[in-house]
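1. got a predicted structure plus its sequence, pasted below:
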Amino acid sequence: MITADIAPIPRTLLATIAISLCCGWCFNTSEAAVLKVIKHNGRDYVTAQNIKDFYRFTSLTIKDGRLKFLSPKIEMGIRSGADTLYINRILFRLSYPVVYKNRQYLFSRIDLDKLINPVLRPSYIKSAKRFRSVVIDPGHGGSDPGSKSRYGYEKDYNLKLANLLKRDLERRGFRVRMTRSGDTFPSLRDRVDFTNRISDAIFISLHFNAYNNSSAKGIETYALSPKDTGTHNSRGVKGSVLTGNARDAENIALATAIHASLLKKTKAEDRGIKRDRFTVLADINKPAVLVEGGFLSNPEEARKIASPSYLALLSTSIADAVVTYRNALRK
């Protein structure tokens, strides 16, 4: 048994779910449960019941292998054996599936530390720093067009969205820098080095998706994979600590704010908040996310993405989320 390094707090915020709710779970540290680590296949796990007690969920119901945690303003659910966790109907991909062992349901400690806790309680992320600047990275550019639809190239939509987002963020009082402002192609290394030189900033890389199946649609948002975990694009496990792993908690909180805001305003299909080791996430020394704003390979979404009004909607959604994220980090 260990005392958690994510100690309980006087109030719980779920502001990063983009609803800006203070959940108001009031309890003091002397009343709180501790997390009891269980070893399984060489990895640390925590029981579902322990999570329910630690976070003071009102109830935990289990039926046919489906787990549902409830509090007055939070619902969290998952099926045993799955890595798809829903928090207030937002889809998160865990690093490891929930395990059933000895009549107990187990969550990996990595997912607890690197996902569940930062999302439920962003105001207590220890590494969080104040920021005044936002670095926008319009993906691709120049000789690298990215994906293509019948209406145009991804590189152009990325830049159009970036310009709108720059305007919207500046209107909200942020200082904005862009890794490219024209049809050029800074290397991935150049984008990282440019961003790392800017102090008190967060980083948002903008992209649009494509797939060989035209029915694929929706929005997905990426944060860096934690140490000793895989990715959600089948790229295997890498054990070494990357530069961006120092900001794991902030990364997932920022991704949550942006993803939830985009879904709420666009009503797009939720493809989840996922993990990967994209270079622009792995080597950045500040909170960083990569947003895939829809599928150019899907005829319906391609038409939307070609619409200035839809790009404007994506922009305001992201800008509002940056404000939500900033406010959620304040104690």
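-> Received it, and whenever you're ready, just let me know what you need.
2. where do the helices sit along the stretch 201-331 of the chain?
-> For the stretch 201-331 of the chain, the helices defined by DSSP state H, counting those that start in this stretch occupy 248-266, 279-282, 299-305, 308-329.
3. and those, which is most packed in?
-> Comparing the helices of the stretch 201-331 of the chain by mean neighbour count (mean count of other CB atoms under 10 Å), helix 248-266 ranks first with a mean of 26. Glycine gets a C-beta too; all of them are placed from N, C-alpha and C.
4. hang on, the earlier thing: which of the helices of the stretch 201-331 of the chain sits closest to Phe208?
-> Of all the helices of the stretch 201-331 of the chain, helix 299-305 sits nearest to Phe208, with 6.0 Å by CB to CB.
5. for Leu35, give me the pLDDT.
-> For Leu35, the model assigns a pLDDT of 87.
6. does it really touch Asn50, like I thought?
-> Yes - contact criterion CB atoms under 8 Å: Leu35 and Asn50 qualify, at 6.0 Å.
7. mind giving me the domain ranges of this structure?
-> Following automatic domain parsing, the chain resolves into domains at 15-124, 133-329.
8. give me the residue ranges of the stretch 1-150 of the chain where confidence is low.
-> 1-33 (pLDDT under 70).
9. the stretch 1-150 of the chain: helices as residue ranges?
-> So, for the stretch 1-150 of the chain - with DSSP H, counting those that start in this stretch - the helices run 48-54, 109-111, 117-120.
10. returning to that earlier point: for Thr84, which of the helices of the stretch 201-331 of the chain is the nearest?
-> Thr84 lies closest to helix 248-266 among the helices of the stretch 201-331 of the chain, at 14.2 Å (CB to CB).
11. what mean pLDDT does that closest one have?
-> Helix 248-266 shows an average pLDDT of 97 in the prediction.
12. keeping just the C-alphas, turn that helix into PDB.
-> What follows is helix 248-266, C-alpha atoms only, in PDB (Å, rounded to 0.1, in the frame of the first residue of the first chain):
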ATOM      1  CA  ASP A 248       2.400  14.200 -19.700                       C
ATOM      2  CA  ALA A 249      -0.300  15.400 -17.300                       C
ATOM      3  CA  GLU A 250      -0.600  18.800 -19.000                       C
ATOM      4  CA  ASN A 251      -0.600  17.200 -22.500                       C
ATOM      5  CA  ILE A 252      -3.600  15.000 -21.700                       C
ATOM      6  CA  ALA A 253      -5.500  17.900 -20.000                       C
ATOM      7  CA  LEU A 254      -4.900  20.200 -23.000                       C
ATOM      8  CA  ALA A 255      -6.000  17.400 -25.400                       C
ATOM      9  CA  THR A 256      -9.100  16.900 -23.300                       C
ATOM     10  CA  ALA A 257     -10.100  20.500 -23.300                       C
ATOM     11  CA  ILE A 258      -9.600  20.900 -27.100                       C
ATOM     12  CA  HIS A 259     -11.200  17.600 -28.100                       C
ATOM     13  CA  ALA A 260     -14.300  18.000 -25.900                       C
ATOM     14  CA  SER A 261     -14.800  21.600 -27.100                       C
ATOM     15  CA  LEU A 262     -14.500  20.500 -30.800                       C
ATOM     16  CA  LEU A 263     -17.100  17.700 -30.300                       C
ATOM     17  CA  LYS A 264     -19.500  19.900 -28.400                       C
ATOM     18  CA  LYS A 265     -19.600  22.600 -31.000                       C
ATOM     19  CA  THR A 266     -19.200  20.600 -34.300                       C
END
